[in-house]
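K.L.:
Task: produce atomic coordinates for the following.
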Amino acid sequence: MKSIVLKLLAENGRMYGYEITQKVEVLSQGKIKLTYGALYPVLHKLEKDEAVVTESEVVNNRTRIYYKLTKKG
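P.N.:
Coordinates of the predicted model:
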């Protein structure tokens, strides 16, 4: 799971959680349905390990958290 997330971020720059889940589903042709319960612990661990950083942005009056690779990631 961690390697999939890192690969997506490497290819797409920055992404937010829902975007990551949708991309995984499309790339796996529906075989992998990534739940938030599986995704966010991975993202939080990557952030703790300094492999990703977060950026907040307000989109349509909602705060969206983007994840982006660091040099370490």
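K.L.:
Report the buried residues of stretch 10-26.
P.N.:
Met15, Tyr16, Gly17, Ile20, Thr21, Lys23, Val24 (16 or more other CB atoms under 10 Å). C-betas here are computed from N, CA, C, even on glycine.
K.L.:
which SSE is Thr21 in?
P.N.:
helix 17-27 (DSSP states H and E).
K.L.:
Turn the buried residues of stretch 10-26 into TSV, including distance to Ala38 and pLDDT.
P.N.:
Conversion of the buried residues of stretch 10-26 to TSV gives the following (distance: CB to CB, whole Å; pLDDT from 0 to 100):
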residue	distance to Ala38	pLDDT
Met15	16	97
Tyr16	16	96
Gly17	11	96
Ile20	11	97
Thr21	9	96
Lys23	14	96
Val24	10	95
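K.L.:
on that earlier part again, output the next helix or strand after the helix holding Thr21 as CSV, restricted to C-alpha atoms.
P.N.:
Per DSSP H and E, helix 17-27 leads on to helix 36-48 as the next helix or strand towards the C-terminus. Taking Å, rounded to 0.1, in the frame of the first residue of the first chain, the C-alpha atoms of helix 36-48 are listed here in CSV:
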residue,chain,number,x,y,z
TYR,A,36,-10.1,5.8,3.9
GLY,A,37,-9.5,3.5,6.9
ALA,A,38,-6.6,2.0,5.0
LEU,A,39,-5.3,5.1,3.2
TYR,A,40,-5.1,7.7,6.0
PRO,A,41,-3.0,5.6,8.5
VAL,A,42,-0.5,5.1,5.6
LEU,A,43,-0.4,8.8,4.7
HIS,A,44,0.0,9.8,8.4
LYS,A,45,2.9,7.3,8.8
LEU,A,46,4.5,8.7,5.7
GLU,A,47,4.1,12.2,7.1
LYS,A,48,5.6,11.1,10.4
